[in-house]
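[1] Any chance you can model this:
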Amino acid sequence: MHRKQFYFVRRAVVDGKDDEDEEEEKVVPSPSEEARAKGSKYSTDKYKFIGCYHDKWNRDLPKGPRKWGYTPESCMAACDGFLYFALQGGSWCCCGNTYGKHGKAPEPDCLHKKNDKEEMLGGEFLNAIYEIAEKNNKK
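    Next up is the predicted model:
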């Protein structure tokens, strides 16, 4: 299960001397490290897209409205007081303080395309998990 994500910074070591001893050597981050640092294009200042995760009848995020008809914004509002919210099947909203007990799924499986807009809205027993920014969590 996941609670928070941690980020690690790499330091370059050249000829037994670390990068502070000599001229700074630029370390180019990998595309995945860069994306993680920037955040996902499915994130906002109010919530951060975490990833796509499997779900089962023994729900990964067992709280919240657990009803249809939600957007990321309305689901976040309904999940006030929780650390995470998820959308499943396009608009089914649920909430919780942990996630991941059924494992990670490929992100494209949670992607919905409508007209020219792409959104992470989950799939059949697939949760698009979002972390609620602390400043928006009022409880």
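
[2] all helices for this protein, in order.
    31-38, 72-78 (DSSP state H).

[3] Tell me where the model's unsure across this structure.
    1-40, 135-139 (pLDDT under 70).

[4] Tell me which stretches of it form strands.
    Remark: strands assigned in the chain by DSSP state E are 13-14, 17-18, 47-54, 63-67, 84-88, 92-96, 111-114, 117-120, 126-132.

[5] Quick check: the gap between residue 80 and residue 61.
    From residue 80 across to residue 61, the span is 14 Å (CB to CB, to the nearest Å). Using the backbone N, CA and C atoms, a C-beta is placed for each residue, glycine as well.

[6] Can you say which of the strands of the chain is nearest to residue 103?
    Closest of the strands of the chain to residue 103 is strand 47-54, at 5.1 Å (criterion: CB to CB).

[7] Convert the C-alpha atoms of that closest one to PDB, please.
    What follows is strand 47-54, C-alpha atoms only, in PDB (Å, rounded to 0.1, in the frame of the first residue of the first chain):
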ATOM      1  CA  TYR A  47      -4.800  17.300  -6.800                       C
ATOM      2  CA  LYS A  48      -2.000  15.200  -8.200                       C
ATOM      3  CA  PHE A  49      -2.500  12.200 -10.400                       C
ATOM      4  CA  ILE A  50      -0.700   9.200  -8.800                       C
ATOM      5  CA  GLY A  51      -1.400   6.400 -11.300                       C
ATOM      6  CA  CYS A  52      -3.700   3.600 -12.400                       C
ATOM      7  CA  TYR A  53      -4.400   0.800  -9.900                       C
ATOM      8  CA  HIS A  54      -6.400  -2.400 -10.000                       C
END
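
[8] I figured residue 76 hits residue 129, correct?
    No - contact criterion CB atoms under 8 Å: residue 76 and residue 129 do not qualify, at 12.0 Å.
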